[in-house]
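**Q** need a structure here:
(2 chains)
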2 protein chains.
Amino acid sequence: MAEDKLPTRAEDFAEWYNQLVIKSDMADYAPVRGCMVVKPYGWALWENITSWLDREFKETGHVNAAFPTLIPMSFFEKEKDHVEGFAPELAVVTHGGGEELEEKLAVRPTSETIIGHMYAKWIKSWRDLPLLIVQWGSVLRWELRTKLFLRTAEFYWHEGHTAHASADEAKEEMYRILDIYERFCLEEAAIPVFKGTKSETERFAGAHTTTSIEAMMWDKRALQSGTSHYFSTNFAKAFEIQCLAKDNTLQFAETTSWAISSRIIGALIMVHGDDQGMVMPPRLAPIQAVIVPIYKNENEKTKVMEVADRIFMELKSAKIRVKMDDRENVSSGFKFNDWEMRGVPLRIEIGPKDIEKGTVALARRDKPGKEGKTFVSQSLLDQAVSGLLDEIQSSLLKRATEYRDANIHNPKDFEELKQVVQDGWAFSYWCESTECEKKTKEEAKATTRNIPFNQPEQEGTCIVCGKPSKRKVYFARAY
Amino acid sequence: MAEDKLPTRAEDFAEWYNQLVIKSDMADYAPVRGCMVVKPYGWALWENITSWLDREFKETGHVNAAFPTLIPMSFFEKEKDHVEGFAPELAVVTHGGGEELEEKLAVRPTSETIIGHMYAKWIKSWRDLPLLIVQWGSVLRWELRTKLFLRTAEFYWHEGHTAHASADEAKEEMYRILDIYERFCLEEAAIPVFKGTKSETERFAGAHTTTSIEAMMWDKRALQSGTSHYFSTNFAKAFEIQCLAKDNTLQFAETTSWAISSRIIGALIMVHGDDQGMVMPPRLAPIQAVIVPIYKNENEKTKVMEVADRIFMELKSAKIRVKMDDRENVSSGFKFNDWEMRGVPLRIEIGPKDIEKGTVALARRDKPGKEGKTFVSQSLLDQAVSGLLDEIQSSLLKRATEYRDANIHNPKDFEELKQVVQDGWAFSYWCESTECEKKTKEEAKATTRNIPFNQPEQEGTCIVCGKPSKRKVYFARAY
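**A** As a prediction, this is how the structure comes out:
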């Protein structure tokens, strides 16, 4: 499999992506419409993603819990916007235990409703707040056009649901989480993102405010990579989440919800991958370094394997996620291609000449060919490898940031905007009217991504209608 | 809530259990028939259970992956026994995205079928074997009579699914996993278990052999606490999992599956809990030690809190899961009851007299009252606490083992068996006929639990029919 070449990104980006997911062994198509199987290599990546986030959430006072997968249909009716947003996408259980159900149940598309119902039961007083719960699991939204990781009917995520005594506290929570998401993207995923506010049209169904992090893929389309919502008292009113405040009055709680999903794996692929396959950022890579021992006969094998095994143990003790590829039935060339396809950041080659010289060859995945290859001493190799992994991590972020920034344009008028969003983003003043947003969508096929928190000092005029505008927005074609 | 008393176990064991689950804050009833909400305290316990198991599985070469929650109904038809076992318990999705589905989908009750389908696709050669995959998640079986943790429509678990090149390897895997389960119960859960083989009647739907670990609850009923199945080629034939063997012939794979579910939390409660509430074994306890500072005025508070805070930090650095209960709105007595209900293994009391003497009071949850209380020096407290937690852990296992062994009987005939299983287990020779098993079920209301691997040297005669019998079996009433 790994010897099959991918189409290049320039030739056919969509097909490059589809083949990469399969050939890197991260996921497979499931025999259920729109669903995927996340294979062990893809799931190991997801576990590295989730364990970082889980630790951050716990350090900021959040706790995990589990709510039912099935939600009574009537729950969706309680929040008007929410039902409009989600009703068309529901998978519905009508029969259980061989009988037709009195009330139909939906496979959860998101859990605001059922968690809201429980919060109403649990929250009695301001002393019960804030309530900061995260649920890890999967949800299901009936999608017609699917793409592995990026858009599947069932996908994996965490959903945070918090309730607070005041609007300020709830908003603070929304921003705190968005900061964690940004830090995850920068430090772990090596993906630069813009934090900002979504337009009214792009808001989550039922939210007062939706904030997001937005990333640019290699094909210059945007991917919303995480969202954090402030609901004001919308869901609290719909589900009667009320508590006795300090002043003894009965008040509705202020709630938030937020999520990053397995979609982020799609972003990792489309930001870092290249024509040879996946490129994993070292901090998330299931395998950070792979050892490929090279020999031609039993005599060489004995000598090489002795050193290879020792190095394997050394790196393992240094907490480097290392893999030994001692397969006998495939060539070294096959192995190189295989690990390149899977995106292992560093390859360690050990051959008979290295044994003589006391060296190994290190080959960087992010810099193919001679440019990324160095020969280093076997002594203190763990430090050399750790250092190089750090360097690869920074280098990936730098490259992605430069690429993104080089492809964001400042068009002078709407005609130019229509041009630039064919192959890049526009960062332009916008009057924040739905009308101008709609026009951009129709005529430029671009949507507003977010209104970033970082804004220029001065004001300007709307790129669409020319009216005075306070803030700039990112316009882009998006996944 | 915590001040409400439970009924005693002797008064009403079922009601004691139901109230304990709620009052210890581990779970709540969900607004969906038969489902539960696992609350943060219960989920933290589950995370401690799962992280131990996950580590063991990974160390023995297993990897995690994720398969869809929904399974095409036709998949169940492929294995005759499997469909008979599971069809009556399925929750069925008939509509998706507003339209009726061409093929109905079941919410997974277990994943042998869909994983078998994928294995058939992935496994081509003996080099692809063994394939050792674990899936963590929830499954759904339509249950009419439910009980939190013990029997709920949706429950949480891991399901291991492995494929091997030979029957011997597959059986070895089945036993290897059962050993991990036993070690988990002994070392972590402090629950003694018997490993053994299930009777044909009690076998998993579609299995060739089902092995289990069986534990005795406080009310002397049995709880099947984990199962490990060997399928022979049953599922491989149903799903066409075939591979090219070393001798170049096409052969069916040999498969296994195995699971421990959130039911084990029910076992923890019913083995260790007492009339004051939950008793957590230290190694799994979400909170291992709780500090309760005691003071009457601001002056005392300042002095006490200084020491309490220091001790909190010391214990935290020593990786003890410690909690500071500095609530101002409830009395110390309320706090004591609250943490006893939640089963925290150790309470650390610090009052003004302790400050003078340089001591703290340690109160063991497993030995209520004066017997479990000691006063120790504040210096090297982390070592004293660790030592005591270890002692509590062993003590719980010892107590549970003695209790179990004292309640296993060796009845001389079927009449006596009928007596002893009213309030204990019988360990008796059995001819392994379904007839004798059925008679015991009808007349004694007891089922065969398992035929333990450890058997007496000699043979005997069936306790039911008197025929010669090779092995003894545990008979008991079971959950």
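
**Q** which parts of the stretch 301-450 of chain A sit against chain B?
**A** residue A:329 (CB under 8 Å from any CB of the partner chain). In this view, the C-beta of every residue, glycine as well, is placed from N, C-alpha and C.

**Q** what of the stretch 151-300 of chain A?
**A** A:153-154, A:156.

**Q** can you tell me which of the residues you listed is nearest residue A:265?
**A** residue A:156 (9.3 Å; CB to CB).

**Q** tell me the bridge partners for the closest one.
**A** Note on residue A:156: beta-bridge partners residue A:138, judged by DSSP bridges.

**Q** hmm, residue A:46 and it touching each other?
**A** Yes - using CB atoms under 8 Å, residue A:156 is in contact with residue A:46, at 6.5 Å.

**Q** joint contacts of those two?
**A** Counting by CB atoms under 8 Å, 6 or more residues apart in numbering or on different chains, the residues touching both residue A:156 and residue A:46 are A:38, A:262, B:66.

**Q** which non-adjacent residue is nearest the first one?
**A** With CB to CB, 6 or more residues apart in numbering or on different chains as the criterion, residue A:38 has its nearest non-adjacent residue at 4.3 Å, and that residue is residue B:66.

**Q** same question for the second one.
**A** Nearest-residue entry for residue A:262: residue A:156, 4.1 Å, with adjacent residues in sequence omitted and distances by CB to CB, 6+ apart.

**Q** residues in contact with the one you found?
**A** Applying CB under 8 Å, 6+ apart, we find residue A:156 in contact with A:38, A:46, A:137-138, A:261-262, B:66.

**Q** how far away is the residue nearest to residue A:216 when sequence neighbours are not counted from residue A:218?
**A** Once flanking residues are discounted, residue A:216 sits nearest to residue A:404: 4.3 Å by CB to CB, 6+ apart. Distance from residue A:404 to residue A:218, counting by CB to CB, to the nearest Å: 10 Å.

**Q** quick one on the thing from earlier: ok so the residue nearest to residue A:216 is a helix residue?
**A** Yes - judged by DSSP: H, G, I helix; E, B strand; the rest coil, residue A:404 forms part of a helix.

**Q** find residues that contact each of residue A:404 and residue A:218.
**A** Common contacts of residue A:404 and residue A:218 (CB under 8 Å, 6+ apart): none found.

**Q** all helices for the stretch 51-200 of chain A, in order.
**A** Using DSSP state H, counting those that start in this stretch, the helices of the stretch 51-200 of chain A run over A:73-76, A:80-86, A:112-122, A:167-183.

**Q** and of the contacts of residue A:156, the nearest to residue B:323?
**A** Ranked by distance to residue B:323 (CB to CB), the contacts of residue A:156 are led by residue A:137 at 26.5 Å.

**Q** could I get the pLDDT score of the closest one?
**A** As predicted, residue A:137 sits at a pLDDT of 97.

**Q** quick check, the residue in the stretch 101-250 of chain A closest to chain B?
**A** Closest contact between the stretch 101-250 of chain A and chain B, by CB to the nearest CB, is at residue A:142 (3.4 Å).

**Q** how many other residues sit next to that residue?
**A** 21 (other CB atoms under 10 Å in any protein chain shown).

**Q** contacts only, for it.
**A** Contacts of residue A:142 (CB under 8 Å, 6+ apart): A:34, A:88-91, A:153, B:96-98.

**Q** buried subset of those?
**A** In the contacts of residue A:142, burial by neighbour count holds for A:34, A:89-91, A:153, B:96-97, counting by 16 or more other CB atoms under 10 Å in any protein chain shown.

**Q** show the pLDDT at residue A:143.
**A** pLDDT, residue A:143: 86.

**Q** what sits against it?
**A** Residue A:143 is in contact with A:34, A:89, A:151-153, counting by CB under 8 Å, 6+ apart.

**Q** next, the contact list for whichever residue of the stretch 301-450 of chain A sits closest to chain B, please.
**A** Relative to chain B, the nearest point of the stretch 301-450 of chain A is residue A:329 (6.8 Å; CB to the nearest CB). Contacts for residue A:329 (CB under 8 Å, 6+ apart) come out as residue B:127.

**Q** you'd agree residue A:227 is in a strand?
**A** Yes - under three-state DSSP, residue A:227 falls within a strand.

**Q** pretty sure it contacts residue A:211?
**A** Yes - judged on CB under 8 Å, residue A:227 makes contact with residue A:211 at a distance of 6.9 Å.

**Q** before we move on, back to that, make TSV from the contacts of residue A:156 and add neighbour count and distance to residue A:420 to it.
**A** Listed next are those as TSV, based on neighbours: other CB atoms under 10 Å in any protein chain shown; distance: CB to CB, whole Å:
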residue	neighbour count	distance to residue A:420
A:38	28	36
A:46	21	35
A:137	18	40
A:138	21	37
A:261	20	29
A:262	25	31
B:66	23	39
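
**Q** dump those residues to CSV, plus distance to residue B:198.
**A** CSV is the format used below for the contacts of residue A:156 (distance: CB to CB, whole Å):
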residue, distance to residue B:198
A:38, 32
A:46, 35
A:137, 31
A:138, 31
A:261, 40
A:262, 37
B:66, 29
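
**Q** ok, these vs residue B:445, which is closest?
**A** residue A:137 (38.4 Å).

**Q** go ahead and confirm that closest one touches residue B:137.
**A** Yes - shown here, residue A:137 and residue B:137 form a contact pair, counting by CB under 8 Å, at 7.2 Å.

**Q** for chain A, where's the lowest mean pLDDT among helices and strands?
**A** Using mean pLDDT, DSSP states H and E, the weakest-scoring helix or strand in chain A turns out to be helix A:80-86, at a mean of 85.

**Q** and that helix, which residues are buried?
**A** For helix A:80-86, using 16+ other CB under 10 Å, the buried residues are A:82-83, A:85-86.

**Q** now do stretch A:437-445
**A** Neighbour counts over stretch A:437-445 (16+ other CB under 10 Å) mark A:437, A:440, A:444 as buried.

**Q** which non-adjacent residue is nearest residue A:196?
**A** residue A:450 (3.2 Å).

**Q** pLDDT score assigned to the one you found?
**A** 98.

**Q** list the ones among the buried residues of stretch A:437-445 that fall in helices.
**A** Cross-referencing the buried residues of stretch A:437-445 against helices under DSSP state H gives A:437, A:440, A:444.

**Q** between those, which is closest to residue B:19?
**A** So of those, ranked by how close each gets to residue B:19 (CB to CB), first place is residue A:437, at 55.1 Å.

**Q** who's in contact with the closest one?
**A** A:199, A:201, A:430, A:447-448.

**Q** switch the cut-off to 7 Å
**A** A:199, A:201, A:448 (CB atoms under 7 Å, 6 or more residues apart in numbering or on different chains).

**Q** repeat for residue A:396
**A** Here residue A:396 is in contact with A:190, A:272, A:281, A:366 (CB under 7 Å, 6+ apart).

**Q** if we go to 8 Å?
**A** By CB under 8 Å, 6+ apart, the neighbours of residue A:396 are A:190, A:272, A:279, A:281, A:366.
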